[in-house]
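[1] just coords:
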Ligand code: MN
């Protein structure tokens, strides 16, 4: 049965402007009443209303809305999401179609973490899984990468990287803030970093069938972000929920998370507080207490300053 998921939330002016530009390619000619525009990306219909409300509708609504939820979280600090599904029971494991040809291939895959966390770096990893190593990874539980806890990740990633070639890049908070503090588009950062780790692994591995990226942008948008880059890796297969469809993507995701956990712990040690993940109110409180004690400049080395959290901390410093 084809599911009809509906996801609704409010977006600020900045996100509206970004949506207006980024979705321009798939806008419909007709606009419903009170809407700024309606767009159709694959199976998902996206309607942005004059009120600032945006509605994602269709079987892949959760995938299509994901990037914009993160963007809104960055731009305004919070998102109040309403979602409904016509088939709630399998909402998590929704119709992921695995192509056996891709799953059973020798492939290079990449995935990232840290893009939704105020504290901590962004980590992107590419990994190479040959046909011969698929069984080994399955036995370690890599197939269910999304469900693995941090403890389990700390346990199995050292075993994974014994057999699996990989390349990782860590974008520290300082580098992030120095390079990307104006008109940031998180997807552009991701594209540049994915390309970097894919290129360096591809230099070493010659025997692969596919290069797979866990899809975060349409292919032509991805390549558009890289239009000024050198050494652009071509012939990528972009897969949504890639870590469920290919073990190279799953392994890349786990290695990224492993490195992120380690880096996050180092940061917590450095600051002397257990830092919270994500970008919620708890994060604001912790960031505020750090800024109060060490000065707001200190956040430059441990947090992503363009997130709305920074503005909230500034207000808190003024008012408390
Ligand atoms: Mn991903």
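    Here it is on my side, so go on. Bear in mind the structure is a predicted one, so any value in this text is a computation, not a measurement.

[2] helices or strands up against the helix or strand hosting residue 200?
    Using DSSP states H and E, residue 200 sits within helix 186-204. If contacts are counted by 3 or more C-beta pairs under 8 Å, 6 or more residues apart in numbering; DSSP states H and E, helix 186-204 sits against helix 61-76, strand 107-113, strand 122-129, strand 166-171, strand 210-214, helix 219-225. No exception for glycine: its C-beta is placed from N, CA and C like everyone else's.

[3] Please identify which of these is closest to the ion.
    strand 210-214 (3.7 Å; C-beta to the ion).

[4] My assumption is that residue 290 lies in a helix; please confirm.
    Yes - checked against DSSP: H, G, I helix; E, B strand; the rest coil, residue 290 lies within a helix.

[5] Low-confidence stretches in this structure?
    The model of the chain has pLDDT under 70 over residues 1-3, 86-95, 181-184.

[6] Can I get the helices and strands packed on helix 186-204 in TSV including distance to the ion and mean neighbour count?
    Shown next, in TSV, are these (distance: least, C-beta to the ion, whole Å; neighbours: other C-beta atoms under 10 Å):
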stretch	distance to the ion	mean neighbour count
helix 61-76	9	21
strand 107-113	4	28
strand 122-129	9	28
strand 166-171	14	21
strand 210-214	4	24
helix 219-225	13	15
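
[7] Turn the ones you listed into TSV, columns for distance to residue 272.
    What follows is the helices and strands packed on helix 186-204, written out as TSV (distance: least, C-beta to C-beta, whole Å):
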stretch	distance to residue 272
helix 61-76	26
strand 107-113	24
strand 122-129	23
strand 166-171	22
strand 210-214	34
helix 219-225	37
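
[8] What separation do you get for residue 249 and the ion?
    According to C-beta to the ion, to the nearest Å, residue 249 stands 8 Å off from the ion.

[9] Residues of the stretch 201-320 of the chain that sit close to the ion?
    Within the stretch 201-320 of the chain, the positions near the ion by C-beta under 5 Å from the ion are residue 214.

[10] swap that for the stretch 1-150 of the chain, please
    Counting by C-beta under 5 Å from the ion, the stretch 1-150 of the chain comes close to the ion at residue 111.

[11] Mind jotting down where the helices sit in the stretch 1-150 of the chain?
    Remark: helices assigned in the stretch 1-150 of the chain by DSSP state H, counting those that start in this stretch are 13-22, 61-76, 100-103, 134-140, 150-163.

[12] Just put those helices in JSON lines and tack on distance to residue 50.
    Listed next are the helices of the stretch 1-150 of the chain as JSON lines, based on distance: least, C-beta to C-beta, whole Å:
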{"stretch": "helix 13-22", "distance to residue 50": "10"}
{"stretch": "helix 61-76", "distance to residue 50": "17"}
{"stretch": "helix 100-103", "distance to residue 50": "42"}
{"stretch": "helix 134-140", "distance to residue 50": "49"}
{"stretch": "helix 150-163", "distance to residue 50": "43"}
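
[13] distance between the longest helix belonging to the chain and the chain's centre?
    The longest helix of the chain (DSSP state H) is helix 247-271. Mean C-alpha position of helix 247-271 versus that of the full chain (C-alpha atoms, centre = their mean, to the nearest Å) differs by 14 Å.

[14] now the angle from that helix to strand 210-214?
    Put simply, helix 247-271 runs at 50 degrees to strand 210-214, going by axes from the mean of the first three to the mean of the last three C-alpha atoms, to 10 degrees.

[15] what's the neighbour count on residue 178?
    Each residue near residue 178 was counted by other C-beta atoms under 10 Å, and the total is 10.

[16] how far away is it from the ion?
    25 Å.

[17] which residues touch the spatially most central residue of the chain?
    By C-alpha atoms, centre = their mean, the chain has its centre lying nearest to residue 115, at 5.4 Å. Counting by C-beta atoms under 8 Å, 6 or more residues apart in numbering, residue 115 makes contact with 70, 122, 186, 189-190.

[18] Buried residues in stretch 274-285, which are they?
    275-277, 279, 283-284 (16 or more other C-beta atoms under 10 Å).
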